[in-house]
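> Okay, predicted coordinates and the sequence, questions at the end:
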Amino acid sequence: MSRALSRFARRRAVQVSAVLAVVCGLLAWWLLPPGSPEPSGRVTFSTGVPSGVYQRYGKLLQGALARDLPDVSITLRDSEGSQQNLARLAAGEADFTIATADAVAQYQHAGLPGTNRLRGLARLYDDYVQLVVPKSSKVTSVADLKGLRVGVGQEGSGVRLIADRVLSAGGLRPDRDVRPVSAGIDTMPGLLERGELDAFFWSGGLPTQAVQELSERHPVRLVPLAARLIAALHDEGGAATRYYRSALIPADAYARAQEGPVETLAVTNLLVTTDLTDPAMAEGLTRTVIRSRDRIGSQVHPAQLVDLRTAIYTDPLPLHEGAKNYYRSVKP
C-alpha cells in the first residue's frame, strides 16, 4: 500500500512540475516583448544640414532612443541631405537615415552601389517644396526666376533634386537659365537677407524653423507652385516623378510670409536602413519612432504626422524584417 502511495506521489509531483513549467513559459512569453533581448551596440544616423528638419528630428530621436534602448549608442552625422544619406548607407558609413521617396527612387533607377540592400522602416512625414523670395520681388512663378541668383540646395541634397526638376517643369534650364547657388537651409536665408540671393528653394516639413525665423526678421513671401507644374513633372516620366503630389502650405505655416494657403508639391520622407541591420535593432528603432511621435512632435511639428496606420507604406522600398516584426506586434 505504501509503495502504491509512493508511486502515486511521484507521479503527481511530475505532473505538477510539468504544469508549472508550462505556466512559467507562458508567463515569460507574455511578459517579455517580441524580439527580446533588447539590442545593443553602436550605430550611426545620417541626418541633414544644421537647422534643417532632418537634423532636429535626429537629435530628438537620439534622446528618445537613449531612454528606450539604453544599450545602444547612437552617433549623429550632419549631411547635405537625402542623396548623400543614401550613399552613406550603401557605403556602410551609416546605419540609419531619412530620405525622400523620390531620392530613393532616383537612387534605385540609377542602379547605384548598394541599391538592392536598402530597406524601409517607416513612412514619416511629407516634405513641402518652398520657393522663398523677398516680399518686394516681382517673381510670381518659376518662369520669373530666369537670370536670377537662385539657391538650389547642396549637391547631395533632396532639395537639389527637386529644385532642378521644378525649374525644368517651369520651362527653365537649371544650369543655364538661372544662376544656381549651391547652399543649404543653414545659409540660404542669410544670403537672401543680405541681398546675395534673389530666391531659394527648400523642401522640408512645415514649418521649417530656418524659414520661419527668416520670415520673422525679414519681409519674405512664398511663391505658389501651380498644379500644372506637377502635371509637367509627371509628364517627364521617370521612376521618381510619380512620388510628387499637389499640396497646400497651410495659411498658418508662415503667417508673415503668406496671406493664405500656397499651392506647392509634396513628397514623402522615409526612415531607411539596409538589410545588414540586425532585426532586433531595426524593430527597436521603429518602435521608438512610433512611440515618441507626440514627444518629438511637440518640438518638431512634422513629427506629429507620423502615423502607425500609414508608417508601413515605405514604397519604393521593401520593409525591413525587424520593422515587419514590430508592425505585426501592434496589429489589432
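Ah, there it is. Numbers count the residues shown, from 1 in each chain.
> my guess is P250 contacts P207, does it?
No. Assessed by CB atoms under 8 Å, P250 is found out of contact with P207, at 9.4 Å. In short, each C-beta sits where N, CA and C put it, glycine included.
> which residues of the stretch 101-250 of the chain fall in helices?
101-110, 158-169, 188-193, 209-217, 227-236 (DSSP state H, counting those that start in this stretch).
> and the last one, what does it pack onto?
It stands for helix 227-236. Contact here means 3 or more CB pairs under 8 Å, 6 or more residues apart in numbering; DSSP states H and E; on that basis helix 227-236 packs against helix 158-169, strand 245-249, strand 262-274.
> any idea which of the helices of the stretch 101-250 of the chain is most buried?
helix 158-169 (a mean of 24; mean count of other CB atoms under 10 Å).
> Just want the angle from it to strand 262-274.
Orientation of helix 158-169 against strand 262-274 (axes from the mean of the first three to the mean of the last three CA atoms, to 10 degrees) gives an angle of 140 degrees.
> From the contact counts, what lies against helix 158-169?
Against helix 158-169 (3+ CB pairs under 8 Å, 6+ apart) you get helix 82-91, strand 96-100, helix 101-110, strand 118-134, strand 199-204, helix 227-236, strand 262-274.
> picking that back up, what's the closest of the helices of the stretch 101-250 of the chain to Y254?
helix 209-217 (4.9 Å; CB to CB).
> worst-scoring helix or strand of this structure, pLDDT-wise?
helix 2-31 (a mean of 48; mean pLDDT, DSSP states H and E).
> Report the next helix or strand after that one in sequence order.
strand 41-46 (DSSP states H and E).
> which of the residues in that following strand are buried?
Residues V43, T44, F45, S46 are the ones in strand 41-46 that count as buried (16 or more other CB atoms under 10 Å).
> Dump these into TSV; add distance to G114 and pLDDT as well.
Listed next are these as TSV, based on distance: CB to CB, whole Å; pLDDT from 0 to 100:
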residue	distance to G114	pLDDT
V43	17	95
T44	15	97
F45	17	97
S46	13	97
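> roughly how far out does stretch 247-265 sit from the chain middle?
22 Å (CA atoms, centre = their mean, to the nearest Å).
> Let me see the contact set for F201.
With contact taken as CB atoms under 8 Å, 6 or more residues apart in numbering, F201 is in contact with V129, Q130, L131, V132, V150, G151, V152, G153, V159, I162, A163, V166.
> hmm, back to that, which one's more surrounded, P250 and P207?
Ranked by neighbour count (other CB atoms under 10 Å), P250 and P207 place P207 first, with 22 against 14.
> For the stretch 1-150 of the chain, which residues score under the pLDDT cut-off?
For the stretch 1-150 of the chain, applying pLDDT under 70 flags the ranges 1-37.
> which residue packs closest to Q108, ignoring adjacent ones?
Among residues not flanking Q108 along the chain, T115 sits closest, at 5.2 Å (CB to CB, 6 or more residues apart in numbering).
> now do V178
V150 (4.6 Å).
> Pretty sure the one you found sits against V181.
Yes. The pair V150 / V181 is scored as a contact, 6.5 Å apart, by CB under 8 Å.
> Looking at these two now, which is surrounded by more residues?
Shown here are V150 and V181; by other CB under 10 Å, V150 has more neighbours (26 against 19).
> looking at the sheet around that one, what are its partners?
Counting by DSSP bridges, V150 forms beta bridges with P180, A199.
> Would you mind measuring from it to E236?
20 Å (CB to CB, to the nearest Å).
> V300 contacts P207, doesn't it?
No. The criterion here is CB under 8 Å, and V300 misses it with P207 at 10.1 Å.
> ok, back up a step: report the contact partners of the residue nearest to V178.
With CB under 8 Å, 6+ apart, V150 has these contacts: A163, L167, V178, R179, P180, V181, L197, D198, A199, F200, F201.
> let's go with 7 Å and repeat that
V178, R179, P180, V181, D198, A199, F200 (CB atoms under 7 Å, 6 or more residues apart in numbering).
> Quick check: the third one vs V139, distance?
Between P180 and V139 the computed distance is 15 Å (CB to CB).
> how deep is D78 tucked in, by neighbour count?
16.
> any idea how far it lies from L317?
In terms of CB to CB, D78 sits 23 Å off from L317.
> Over to T273?
Applying CB to CB to T273 and L317 gives a distance of 9 Å.
> between these two, which one's more packed in?
Between T273 and L317, counting by other CB under 10 Å, T273 is the more crowded of the two (27 against 20).
> So what sits opposite the more buried one in the bridge?
R119.
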